[in-house]
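Novice: need the 3D shape of this:
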Amino acid sequence: MALELYRIDDRLIHGQVVVGWGQPLDLRFIVLVDDEVAGSDWEQELYRMGVPPDMDVYFDSVDDAAANLERYQGESRRGLLLTGDITTMTRLVDATGAIDRVNLGGIHHRPGRTQRLRYVFLTPDEEQALRDLAAKGLEVTAQDVPAARPMPLGELLDGTGG
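Specialist: Numbers count the residues shown, from 1 in each chain. Next up is the predicted model:
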């Protein structure tokens, strides 16, 4: 499978994604799934500036990503699919049924969110959405960088993971 990582990170494309994950996984493309960014040339250009010239970036709406997912998964190059929030990833999972694992990266503090890890803050609704993904058979883990231990969802939500 060419998509090595399906990640939720509210910062979208940034150094930790490009360098921290990109280099160890030898990523050659990123699929950024965000309805708003997919429709904004200005925002796309800003995100393109954060990746090296040899890495392609595709900006898809949820509908476009669902239509293109099989092609991305069949790529000969390694890639990463990235959403900025749990809702977008859930919509994509529901539209395709072809995603089997999700990595939680940076989901940062906002009012109503409780800290679960130094880089993951969740509302009760977000916690339930993650439980729902796991109930569909997806492996849901939190991991900020490749060298860190992937924390299973159960540990994250019950507070035993640190």
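Novice: distance of residue 35 from residue 78?
Specialist: 25 Å (C-beta to C-beta, to the nearest Å). C-beta coordinates here come from the backbone N, C-alpha and C atoms, glycine included.
Novice: cool, residue 95 as well?
Specialist: From residue 95 to residue 78 the distance is 23 Å (C-beta to C-beta).
Novice: show me where pLDDT drops low in this structure?
Specialist: When residues are selected by pLDDT under 70, those of the chain lie in 1, 160-162.
Novice: now do the strands in this structure.
Specialist: 3-8, 29-33, 56-60, 79-83, 101-104, 114-117, 120-122, 139-142, 151-152 (DSSP state E).
Novice: got TSV for those strands, with mean neighbour count and distance to residue 47 too?
Specialist: Shown next, in TSV, are those (neighbours: other C-beta atoms under 10 Å; distance: least, C-beta to C-beta, whole Å):
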stretch	mean neighbour count	distance to residue 47
strand 3-8	21	14
strand 29-33	24	6
strand 56-60	18	6
strand 79-83	25	10
strand 101-104	22	19
strand 114-117	16	25
strand 120-122	21	22
strand 139-142	21	23
strand 151-152	18	27
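Novice: these: which one's closest to residue 39?
Specialist: Checking these against residue 39 by C-beta to C-beta gives strand 56-60 as the closest, at 8.7 Å.
Novice: for residue 141, name its beta-bridge partners.
Specialist: Residue 141 forms beta bridges with residue 103, residue 152, as assigned by DSSP bridges.
Novice: residues contacting it?
Specialist: 101, 102, 103, 104, 150, 151, 152, 153 (C-beta atoms under 8 Å, 6 or more residues apart in numbering).
Novice: ok, those residues vs residue 83, which is closest?
Specialist: The closest of those, once distances to residue 83 are taken by C-beta to C-beta, is residue 102, at 9.0 Å.
Novice: measure the closest one to residue 134 for me?
Specialist: Taken as C-beta to C-beta, the span from residue 102 to residue 134 is 9 Å.
Novice: what's the answer for residue 21, then?
Specialist: From residue 21 to residue 134 the distance is 22 Å (C-beta to C-beta).
Novice: which one of the two has more residues nearby?
Specialist: residue 21 (23 against 16; other C-beta atoms under 10 Å).
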